[in-house]
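S.K.: Provide a 3D model corresponding to the input given below.
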Amino acid sequence: MSAKAEHYDVIRKPIITEKATMASENGAVVFEVAMDSNKPQIKQAVEELFGVKVKAVNTTITKGKNKRFRGRPGTRKDVKKAYVTLEEGNTIDVATGL
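M.R.: Residues are numbered from 1 along each chain as shown. Here you go, the predicted structure:
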């Protein structure tokens, strides 16, 4: 398996919400990442995939809510998010994709 494939396993998808848009105004980008990934792995993956310099990585785990699916109780999956702060002058446009 190539190194690029491993980076795509670490970073699942960008998160585009109101809070993520506010973070992007301060030079941060929000990604959904693998639950077993750590901050150095996330930093390396973002730097190599997007060709930018990463200043800091903050992570948070959001526990899945209990919801009803077709009338039956179920649980949404837990999600790990990474708030990646970029160095000055670096940007990632998540709206257009890679």
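
S.K.: Give the full set of residues in contact with the closest residue in space to residue 17 that isn't next to it in sequence.
M.R.: Nearest non-adjacent residue to residue 17, counting by CB to CB, 6 or more residues apart in numbering: residue 30, 7.6 Å away. The way it works is simple: take the backbone N, C-alpha and C, and place the C-beta from them, glycine included. By CB atoms under 8 Å, 6 or more residues apart in numbering, the contact set of residue 30 is 14-15, 17, 19-20, 23-24, 81-84.

S.K.: 10 Å instead, please
M.R.: Shown in contact with residue 30 (CB atoms under 10 Å, 6 or more residues apart in numbering): 14-17, 19-21, 23-24, 58, 60, 81-84, 94.

S.K.: just residue 86 next, same as before
M.R.: Contacts for residue 86 (CB under 10 Å, 6+ apart) come out as 24, 26-29, 46-47, 50, 52-56, 92.
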